[in-house]
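Visitor: coords please:
(chains A and B)
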Amino acid sequence: MSNEKNKIFVSCGEANHYCDKNQYREASLWEKIKLNIHLIYCKACRKYSAKNNRLSDLMKNPKVYTLDQSTKNDLKEQLKQKLAEKS
Amino acid sequence: MSTNILDPNTWVDKYSDYLYNYTIVRVNDREIAQDLVQETFFAGLKSIKNFKGEASERTWLISILKRKIIDYYRKINSNKGKAEVRMSYSSEESEGDWLEERVADPFDINAESEIENTELGLAIHNCIDKLPEKQALIFKRKTVEGFETEAICNEFDITASNLWVIIHRARTAMAECLEKNWFK
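Guide: So this is what the prediction gives:
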């Protein structure tokens, strides 16, 4: 296992996994290094990486609204009450 | 054509975000949007008998929401109208079509990107809705609401590697969906 961990060249699957993690700033330095080394020679993963980064940029857009969970729970409760009243 | 059945218990989870975005684009106020979404759900509940099953649940809710938004504008417009009547020119010479003269500069770059951004919000929620339910939920928690990995793992009782696989699938699907619907 330690041998596996110290590999500099990783598979595409692993590289993608690091890339996903990196979108949430959760990849370690070593993982980022491995990812970047992989990206040097792997065109397919470069493409995936680019797409992934673009998706993150889009999602960061402040105009992507969601209702927060407590509001949703309140709404659910109220709906349930109304349902109960009806039947 | 298959008929659709309404299930009010799932409405909040399934549609509230989409309806919320849809409303915000149109009323530009978070609180009002929230109220309108709530009213929509209640109105839907009330007229559940009128649902013929021809449209999907979401389409049906949107059609209710549209009416709520129109009602909202009717209400605020009836107040505004009184104020507008009093506006007039101060002197006789400067009289003219004041409404036309005061039209804002149409080439407002900020306004344009604002519109684009809100549309993007709708496009993203549309794509999220297409994901399988669990994927959508986890993806939203992680990406939009920004929860910690560990918190999500506990909530759904899955391992971290499980979570990353789900996130990976969701991201791939999302990228593809947005590629088709947003970048064209």
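
Visitor: Could you pull up the mean pLDDT of the longest helix along chain B?
Guide: Counting residues, the longest helix found in chain B (DSSP state H) is helix B:57-85. Average pLDDT, helix B:57-85: 77.

Visitor: anything in that helix near chain A?
Guide: No: using C-beta under 8 Å from any C-beta of the partner chain, helix B:57-85 stays clear of chain A, coming no nearer than 12.3 Å. For the C-beta atoms, the positions are set from N, CA and C on the backbone; glycine is no exception.

Visitor: May I see the buried residues of that helix?
Guide: B:Glu57, B:Arg58, B:Trp60, B:Leu61, B:Ile62, B:Ile64, B:Leu65, B:Lys68, B:Ile69, B:Tyr72 (16 or more other C-beta atoms under 10 Å in any protein chain shown).

Visitor: now, which of those residues sits nearest chain A?
Guide: When the buried residues of helix B:57-85 are ranked by distance to chain A (C-beta to the nearest C-beta), B:Leu61 comes first, at 12.3 Å.

Visitor: wait, isn't that closest one in contact with B:Gly44?
Guide: Yes: contact criterion C-beta atoms under 8 Å: B:Leu61 and B:Gly44 qualify, at 5.7 Å.

Visitor: who touches both of those two?
Guide: Counting by C-beta atoms under 8 Å, 6 or more residues apart in numbering or on different chains, the contacts common to B:Leu61 and B:Gly44 are B:Trp11.

Visitor: List the contacts of the closest residue to A:Met59 other than its chain neighbours.
Guide: Closest residue to A:Met59 apart from its sequence neighbours, by C-beta to C-beta, 6 or more residues apart in numbering or on different chains: B:Thr143 at 5.2 Å. Residues near B:Thr143 by C-beta under 8 Å, 6+ apart: A:Tyr24, A:Ser56, A:Met59.

Visitor: List the contacts of A:Ala15.
Guide: A:Lys34, A:Leu35, A:His38, A:Leu39, A:Cys42, A:Cys45.

Visitor: Show me which residues of chain B sit near chain A.
Guide: Along chain B, the residues adjacent to chain A under the rule C-beta under 8 Å from any C-beta are B:8-9, B:11-13, B:16-17, B:20-21, B:24, B:30, B:34, B:37-38, B:41-42, B:45, B:114, B:117-118, B:120-121, B:124-125, B:140, B:142-145, B:149, B:164, B:167-168, B:171, B:174-175, B:178-179, B:182.

Visitor: how is chain B carved up into domains?
Guide: Annotated domains of chain B cover B:1-81, B:116-184 [automatic domain parsing].

Visitor: Show me how far the longest one is from its chain's centre.
Guide: Relative to its chain's centre, domain B:1-81 lies at 10 Å (C-alpha atoms, centre = their mean, to the nearest Å).

Visitor: Let me see the mean pLDDT of the host helix or strand of B:Leu122.
Guide: Here B:Leu122 sits within helix B:109-130, counting by DSSP states H and E. What helix B:109-130 shows for mean pLDDT is 72.

Visitor: Repeat that for stretch A:38-50.
Guide: On average, stretch A:38-50 scores 93.

Visitor: now swap in stretch B:31-49 and tell me
Guide: The predicted model assigns stretch B:31-49 a mean pLDDT of 84.

Visitor: Check stretch A:18-28 too.
Guide: Mean pLDDT, stretch A:18-28: 90.

Visitor: what about it, near chain B?
Guide: Yes: counting by C-beta under 8 Å from any C-beta, chain B is contacted by stretch A:18-28 at A:Asp20, A:Lys21, A:Gln23, A:Tyr24, A:Glu26.
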